[in-house]
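[1] Structure of the sequence below:
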Amino acid sequence: MWTADAAWETSSDQIFTGIEAIRAAVEQQWQAFPIMQHATANHTVEIDGAAATGRSDIVVLAQLRDHRWIAGGGTYEDEYRREGGIWRIARRRVVRPFDLAPSAPSDGPVYVDAPVRATEQCAS
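    Here you go, the predicted structure:
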């Protein structure tokens with residue numbers, strides 16, 4: 001999804017450049033937040049030949065290792081490049097982010113891929 005020379009600017013003082021640096025940053029996030037959900041909305045794109053710019057709003061829910069949850073969000077400002085007929089992200093800048101204080105721990109981790117039995121769906 002990224003160009004080879006892509007840059008991911010997660011804050012004004014933190015920019016990851018190149019696929020390997022971006023991959024390492026994501027792996028660090030996974031270590032800090034074992035469960036994360038991202039929702040992206042309101043995506044707009046303006047195309048100019050083999051380049052484009054885009055903007056989308058995001059909401060992130062992440063569970064900490066102690067099972068507390070954090071909600072956050074912001075906006076992605078993207079630059080795209082079409083290479084070999086495929087659109088890729090050349091630069092992503094996270095702007096206007098917000099994070100809320102962690103919520104109380106859940107009763108335990110809930111794994112999205114765990115099957116739910118019909119008897120568990122309805123307790124009454």
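[2] could you say what helices and strands whichever helix in the chain runs longest packs with?
    When the chain is parsed with DSSP state H, its longest helix is helix 19-32. Here helix 19-32 touches strand 2-11, strand 14-17, going by 3 or more CB pairs under 8 Å, 6 or more residues apart in numbering; DSSP states H and E. Every residue, glycine included, has its C-beta placed from N, CA and C.
[3] Parallel or antiparallel, which strands does the longest one pair with?
    Strand 2-11 pairs in its sheet with strand 14-17 (antiparallel), strand 86-99 (parallel), by DSSP bridges.
[4] quick one, phi/psi of residue 33?
    phi -130, psi 90 (degrees, to the nearest 10).
[5] still on that earlier bit, list the buried ones in the longest helix of the chain?
    Buried residues in helix 19-32, defined by neighbour count with 16 or more other CB atoms under 10 Å: residue 22.
[6] ok, and what's touching it?
    Residues outside helix 19-32 that contact it (CB atoms under 8 Å, 6 or more residues apart in numbering) are 2, 4, 6, 8, 10, 16, 36, 64-65.
[7] Turn the strands paired with strand 2-11 into a markdown table, columns for mean neighbour count and mean pLDDT.
    Listed next are the strands paired with strand 2-11 as a markdown table, based on neighbours: other CB atoms under 10 Å; pLDDT from 0 to 100:
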| stretch | mean neighbour count | mean pLDDT |
| --- | --- | --- |
| strand 14-17 | 14 | 96 |
| strand 86-99 | 15 | 90 |
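[8] JSON lines for these, including distance to residue 74?
    Output for these, formatted as JSON lines (distance: least, CB to CB, whole Å):
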{"stretch": "strand 14-17", "distance to residue 74": "14"}
{"stretch": "strand 86-99", "distance to residue 74": "3"}
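[9] right, and the ones you listed - which one's nearest residue 44?
    Closest to residue 44 of the strands paired with strand 2-11 is strand 86-99 (CB to CB; 14.4 Å).
[10] Let me know the angle separating that closest one from helix 19-32.
    40 degrees (axes from the mean of the first three to the mean of the last three CA atoms, to 10 degrees).
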